[in-house]
Structures are given as structure tokens and as C-alpha cells.
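# Here's my sequence, what's the structure:
(2 chains)
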Amino acid sequence: MWKFIVRRILITIPQIILLSVLLFLLAQAMPGDALSGLVDPNVSLEQKNALREKLGLNAPWYEKYGEWASGLVQGDLGQSFRFKMPVSDLIEQRMINTFWLSLATLIITYIIAIPLGILSGRYNDTILDSSITGYTYIGFATPLFIFGLVMLWVFGYQLQWFPTSGSVTPGLEPGSFEYVLSKAQHLLLPAISMALIQTVSTVQYLRSEIVDTKQREFIITARAKGASESRVYNKHILRNSLLPIAAFFGYEITFLIGGTVFVEMIFGFPGMGQLFIESILLRDYSVVNAVVLIFGIAAILGALLSDIILSLVDPRIRIK
Amino acid sequence: MEVNNTNLANQIQDPTKSPSGLKILWKEIVRDKLALVSLILLTLITVFVYGIAFVLDQDEIVRVDLFAIHEPPSEEFILGTDYGGRDIFGQLIIGTRNSLSIGFLVTAISGIFGIAFGLIAGYFGGYTDNAMMRVLDFFQVLPFTMLVIVFVSIVPNYTILAFSIIMAAFNWMGIARLIRSKALQEKELDYVQASKTLGTSHTKIIFREVMPNISSLIIVTMTLNLAANIGIESGLSFLGFGFPESTPSLGTLLSYATNPQTLEYRWWIWVPAAILILVMMLMVRNVGEALRRATDARQRRG
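Modelled structure (predicted):
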């Protein structure tokens, strides 16, 4: 058991290092370096080269990587050349926004998935089940960005139930009740859109898990003992079916990362995904690097978390 | 004489002999009416789109016409025009063609690589498998969308092929994992052992003997991947990191809807493209799901 967990954590370390090297090399390959946007185009080439030398932009890549990586470990993500401020300051507020958006999405995902999965699994092959299965079938085929656009169009513009962009109404006092309320209101539509698409795989998985468990021998035993139907479902089946779902929690992070890029662009939500696209367009590569690195590490840790939970739940999957 | 013999052989074929994999796949599609209709519609759309796009001049359609900006649907422009006065209907046709082409291309590239990777890892097993799976694990946790966008923005000679390769490079893991698990089972079977004993080379066993035996699984996965890839491509084009604007894709048309004015008042620009993507993805999935059922004898409908 412990052997597996230690081994799994040890795999994570080279993964993170590889990711950082890959990102660093990518940033090096980006056309134009930080300087091209920084200085007046009329500055002569010699002056530019001198500046490059001074900023350390001419050093070989492994030296630059070493410098960058040691900065990272100390929490220094570098400077944004566009906004002339430390990347960590730039990212902080965005990261908090994206964190709340992701959390809201996850909560809504499970609020939708658990009852639908249970209903679908318990009453399988009824009309109720086939309509839920129909929803998951269509949900699987629907790209998130199209669904997001439609949600924005219907609930943002036509019905005007929700604000159509931003993360908070400007001019409110931070910390006040109205401020929190406005934040939640801005969060809700993107989170619901993302959750409605993301939840389908969990619904499907939970359904097949319950249908599977229903036919196990210990359920037949429980019934034979005279346990009531609700007791059979709530105590015996649910407990056995929900654990694997809980384990997928970590993998959900990977889906969330892809999702936030689209959803934040559509809903004009100032989070990490939006910052990423803006920085790519501005060629602000230190910011791009930092965002992808943070998301990448989050995904790696999410997978680690899921594998550990899964190995606790199901000993068969432990890698040797 | 030779011909007569094969005819005769066909006639007296043992009726209890199990039908070939491809035949089962085809039978399941015919039995599943939804899948059959989807397949026919898809074929029609493909033929129609490639046929018309052959006649249409792409440069003509993407030419900016400042006198016809944002025209609603009319007789001259069946689906109106966009902010550059370009005909939406023409862009829709060409966009569908481009989206389909890239879908096929990405599916093929990632499929070929993924299948080879999975077969080799599964067939050899042991240390080879272990090492290859760690590589795969690493690719699987990478933030796919973001890395593709980063790559797209730094590639100097940006072409359709380059875009497909970038997409495929981060998209082969699913099929590789599936094929590997199947190959792991397959290599334990007697025919592989027998072939090894006879001294057949590994390459020949892998690609001429094991691969044909899992061909139905390959077809199923590739079909389902096609649907996913069309979606991913249109998503990237939507964000502005797919095709350039001079080569419209369905995602390009949808990206106009990021302008609130277009989203709210000019439905003709983005709604048809959205519907088309949805319909195509659903239909490809219908076919794929029918094929998937066919590979699992317990789930077959007939």
C-alpha cells in the first residue's frame, strides 16, 4: 500500500520537471523575445544587443532554465514584460477567480451527477433512465464552447437573468455582502454551463456502476435478509458505487483546465484561462509559461490524488 | 478450373463459421436505423460539401466586400454576410469541408501513431510496456488545449498539415492505451505463440497478425475519435488558434459570436455553424456507438 503511494509520488517529480523543461523550451522558441515589445523600434541593433546581454537573454538555454527554475522554487514566476510587473502579482487575482469558478463547477457537477446517476441506475431501462441517458449522449457530443455560447445567448442576452461578462459589478465595496452576491451571480452561468457538459461522464459512470452493483451477490443477500428497498440502495449499493466516483475527482481537474479557457473567453470572466489567451496574443511569454505551468502542475497533482484514492478503493489497479 | 474451385468453396462454406469482423460491423449499422440514417446523411453531407467546394472559389468567398457588411439573409446571400461582407453560406460549405478534412487528417495521424505505440507496448509487455506507459502517462496529464495553442502560435510555417501534426501530437494517448490493453490480451493467445515458434519476425506478428485481429476495435475508436477531433478543431478555431481567417472553418464562423452584437442580433452568422457541428458530431457518434456495440457480442442488437 505505502509502497504504491511512495512510488506514485516519485513518478510525479520527473513529470513536473519534464513539464517545466518543455514549457521553457517552448517559450524560447517563441518568435521575438521579451525585448522586441519593450523598446522603441528606432533603437539601434547594437543597443538592443547590449540590452539583451544585460537582461541575460543571450545566455545558453540551460543556464537560463536553471535561473528560471531556481526562481520558480522560490516562488518567483518572473516579470511580465507587457505589464511591467511581477507575474505572480498579475496572476494572483486571476487565480482566485479561476479557483472559485472551478470550485463552483465541481460542486454543481456533483449536484447534477449524483441524483441523475442514482435515478438512472436504480430505475434502469425505464423512460426516466432513457431520458437521462439521452441527455448524457447528447452532452458527450456537444462541444463546451457551443453550449457556452448558447447559454450566454439565452440566459445572458434574451432572458437577462445573468450578467454577460466580468467577475463582479464594478464599484462595489470588496468584502461587503453585495460584493459577494455579485461575485456569485457572475460565477453562476459559466459554472452551470461547464458543469452541465462535464457532468455527463460522471452520470454515465455512476449509472453503470449502480447497475453493476445491483446484481452482486451481497445485494441479493441483503434483500434476502429482508432489508427495505431504501436501505438496500442507500446503505449497500450507494456506498459501493460512490467510492469510484469520488476517486475521479482528481481527473476532473484536467477537464476543468481545458474548460476554463473556453468558458472564460465566452463569458469574459477574468481568470487564468482568459489571461492565458490574452498573453499569447500579446506574446507575453513569461505569463504564458507561468499559467501553463500552474495548470500543468494542478493536473499532475490531480491525477496523483485520483490514483491514490483509487488504489485505496480498489487494490487491483495498484501499479507494481 | 481455378475459378470454379473458389466458387465451390464459397458455396460449401460452413454456415456455422463465425462471420468476419467487418461483416458484423456492417450488419449492426444496418440494424440500428439511427446509425444507418446518420451514415447516409454523413455521406451525403460529405459528398455535397466536397462537391460544391470544388466549384466554389475560396478566394472569392473570403474576399472582403465593404458594401455588403452584416447583411441579413436575402436572395443574394442565402445566409447573409459577416463583418467583412463575406457570404456566410459559402463560408459554411468551405468551413465544413475544412473541418472534415482536418478531422480525418488528425484522426489518421494520431491513429497511426497511437496504434503502433499501443501494439508495440502491449505485444512486448514487461519493461518495454512499463517504460512506454510512463511516457504515455506524462502526455496524458499535459494541459492539451493550452499546449496546442502555444505550439500553434510559435510554428513559423503554419499550414493545415502542421496544425494536424500538432493536434495529433497531444491526442494519440487514448487510442494507444486502448490498443495496448487489447494487445496485452491478444499476445497470450495460441496463434501468436504458434507464430513465434515458427520463427516469424516480431514486426510481422504485430502488424500482419495481431493488428488485423483487433481491426474492429481500431475502426470503432477511430470513428469515435473523428467526432471528438472535429469538435476540438472547431474549438481551437473558435479561440483563433486553428485555421487562419482566410481558410474558414466552422469554428471561425462561431468565433464571430464572441462579439456581443453578433451573438445577440446576427444569428445567421453563428447559429447555422453551431447546428452543423452539433449534427455532424452526433451523427458520427451514432455510427461509432453502433460499431462499438457490434464489437461486443453481449450488446449486439441482432
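
# Check which helices and strands the helix or strand hosting residue B:261 sits against.
Using DSSP states H and E, residue B:261 maps to helix B:260-265. The contact analysis (3 or more CB pairs under 8 Å, 6 or more residues apart in numbering or on different chains; DSSP states H and E) places helix B:260-265 against helix B:267-295. Bear in mind the C-beta positions are built from the backbone N, C-alpha and C, glycine included.

# pLDDT below threshold where in the stretch 51-200 of chain B?
B:57-80, B:82-85 (pLDDT under 70).

# Quick one: mean pLDDT over the helix holding residue B:261.
Mean pLDDT, helix B:260-265: 77.

# Which positions within that helix qualify as buried?
B:262, B:263 (16 or more other CB atoms under 10 Å in any protein chain shown).

# how far is it from where the chain is centred?
31 Å (CA atoms, centre = their mean, to the nearest Å).

# for residue 121, what are its contacts?
Since you didn't name a chain, this refers to chain A. Contacts of residue A:121 were listed using CB atoms under 8 Å, 6 or more residues apart in numbering or on different chains, and they are A:206, A:207, A:208, A:209, A:210, A:211, A:214, A:241.

# if you could check chain B rather than the one you did, that'd help
If you count contacts by CB under 8 Å, 6+ apart, residue B:121 has them with B:128, B:129, B:132, B:133, B:136, B:176, B:180, B:183.

# what's the answer for residue A:28, then?
A:61, A:64.

# element containing it, please.
Assigned by DSSP H and E, residue A:28 falls within helix A:2-29.

# Let me know how buried residue 244 is, in neighbour terms.
In the absence of a named chain, chain A is used. Using other CB atoms under 10 Å in any protein chain shown, residue A:244 has 15 other residues around it.

# wrong one, I was asking about chain B
15.

# Next, the residue lying closest to it once chain neighbours are set aside: secondary structure please.
Leaving aside its chain neighbours, residue B:244 sits nearest to residue B:158 (7.2 Å; criterion: CB to CB, 6 or more residues apart in numbering or on different chains). With DSSP: H, G, I helix; E, B strand; the rest coil as the basis, residue B:158 sits in coil.

# follow-up on the earlier one: could you dump the contacts of residue B:121 to CSV with secondary structure?
Formatted as CSV, these follow (three-state DSSP):
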residue, secondary structure
B:128, helix
B:129, helix
B:132, helix
B:133, helix
B:136, helix
B:176, helix
B:180, helix
B:183, helix
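
# for chain A, what are the nearby residues on chain B?
Proximity of chain B to chain A is confined to B:134, B:137-138, B:140-147, B:149-151, B:153-154, B:156, B:227, B:231-232, B:234-235, B:238-241, B:254, B:257-258, B:260, B:263-264, B:270, B:274, B:277-278, B:281-282, B:285 under the rule CB under 8 Å from any CB of the partner chain.

# Provide a PyMOL selection command restricted to the buried entries of the residues you listed.
PyMOL command restricting the residues of chain B next to chain A to the buried ones, with burial defined by 16+ other CB under 10 Å:
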select buried, chain B and resi 137+138+140+141+142+143+144+145+146+147+149+150+151+153+154+227+231+232+234+235+238+239+240+241+254+257+258+263+270+274+277+278+281+282+285
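
# In helices only, show me the residues of chain B next to chain A.
B:134, B:137-138, B:140-141, B:144-147, B:149-151, B:153-154, B:227, B:231-232, B:234-235, B:238-239, B:254, B:260, B:263-264, B:270, B:274, B:277-278, B:281-282, B:285 (DSSP state H).

# what about the helix holding residue A:28, distance to the chain center?
Per CA atoms, centre = their mean, the centroid offset for helix A:2-29 relative to its chain is 18 Å.

# What's the mean pLDDT across it?
84.

# still on that earlier bit, the contacts of residue A:121: which two are farthest apart?
Pairwise distances across the contacts of residue A:121 (CB to CB) peak at 12.5 Å, for the pair A:206 and A:214.

# ok, those two, which is more surrounded?
residue A:206 (25 against 17).

# residues contacting that one?
So residue A:206 contacts A:113, A:114, A:116, A:117, A:118, A:120, A:121, A:241, A:242, A:245 (CB under 8 Å, 6+ apart).

# okay, these in JSON lines with distance to residue A:131, secondary structure and pLDDT next?
Formatted as JSON lines, the contacts of residue A:206 follow (distance: CB to CB, whole Å; DSSP: H, G, I helix; E, B strand; the rest coil; pLDDT from 0 to 100):
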{"residue": "A:113", "distance to residue A:131": "16", "secondary structure": "helix", "pLDDT": "90"}
{"residue": "A:114", "distance to residue A:131": "17", "secondary structure": "helix", "pLDDT": "89"}
{"residue": "A:116", "distance to residue A:131": "10", "secondary structure": "helix", "pLDDT": "92"}
{"residue": "A:117", "distance to residue A:131": "14", "secondary structure": "helix", "pLDDT": "90"}
{"residue": "A:118", "distance to residue A:131": "15", "secondary structure": "helix", "pLDDT": "88"}
{"residue": "A:120", "distance to residue A:131": "9", "secondary structure": "helix", "pLDDT": "89"}
{"residue": "A:121", "distance to residue A:131": "14", "secondary structure": "helix", "pLDDT": "87"}
{"residue": "A:241", "distance to residue A:131": "21", "secondary structure": "helix", "pLDDT": "81"}
{"residue": "A:242", "distance to residue A:131": "23", "secondary structure": "helix", "pLDDT": "79"}
{"residue": "A:245", "distance to residue A:131": "21", "secondary structure": "helix", "pLDDT": "80"}
